[in-house]
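In: next input, structure requested:
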Amino acid sequence: MYLIRRIFNAKPGEARNLAMLLQKQAQAYRDVGHRSEFRVSYNGATLPGDQNVVVLDWTDDAIMSPYREGHAPPPAARELGGEIRPLIENQRIEFLELLPPSRD
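Out: From the prediction side, this is the model:
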């Protein structure tokens, strides 16, 4: 099982707006069965630490290319992408393997 984490650096003052749009986009993927339960978190400027950061994470059994044959993003997710892109300064993705529960 993998934890997939996308980390976005939002333009100043746009972290909350970006988080709300990413929430809608991730839900569009979930609604068509392309994503498990997910979380969106952000720090706009009211908390210590890095500011203007938005994190989207979810788990999956496999790491699969979004460009794989037969995979098409839902139309709602594509439309939201047009609103999301202008709010982002940069982004990265992390893939982490989850440790299975102990069977002691």
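In: pLDDT (mean, whole number) over the lengthiest helix in the chain?
Out: Using DSSP state H to define each element, the chain has its longest helix at helix 15-31. The pLDDT scores in helix 15-31 average 96.
In: okay, the angle between the helix or strand just after it and helix 15-31?
Out: Next helix or strand after helix 15-31 toward the C-terminus (DSSP states H and E): strand 38-43. Relative orientation of strand 38-43 versus helix 15-31 (axes from the mean of the first three to the mean of the last three CA atoms, to 10 degrees): 180 degrees.
In: by mean pLDDT, point me to the weakest helix or strand of this protein.
Out: Least confident helix or strand of the chain, by mean pLDDT, DSSP states H and E, is helix 75-84 with a mean of 92.
In: give the buried residues for it.
Out: Buried residues in helix 75-84, defined by neighbour count with 16 or more other CB atoms under 10 Å: 77, 80, 84. Any C-beta I mention is one placed from the backbone N, CA and C, and that applies to glycine too.
In: list the contacts of it.
Out: Helix 75-84 is contacted from outside by 18, 21, 22, 24, 25, 28, 29, 31, using CB atoms under 8 Å, 6 or more residues apart in numbering.
In: okay, now the sheet partners of the helix or strand just after that helix, with direction.
Out: Following helix 75-84 in sequence order, the next helix or strand is strand 88-97 (DSSP H and E). When pairing is defined by DSSP bridges, strand 88-97 lines up against strand 2-10 (antiparallel).
In: list of residues touching the strand it pairs with?
Out: By CB under 8 Å, 6+ apart, the surrounding residues in contact with strand 2-10 are 17-18, 22, 42, 52-63, 87-98.
In: from these, list just the buried residues.
Out: Among the contacts of strand 2-10, those classed as buried by 16+ other CB under 10 Å are 17, 18, 22, 42, 52, 53, 54, 55, 56, 57, 58, 87.
In: among the residues you listed, which two are most distant?
Out: 52 and 58 (21.8 Å; CB to CB).
In: any stretches of the protein with poor pLDDT?
Out: 104 (pLDDT under 70).
In: try 90 this time
Out: 32-35, 44-47, 49, 64-75, 77-78, 100-104 (pLDDT under 90).
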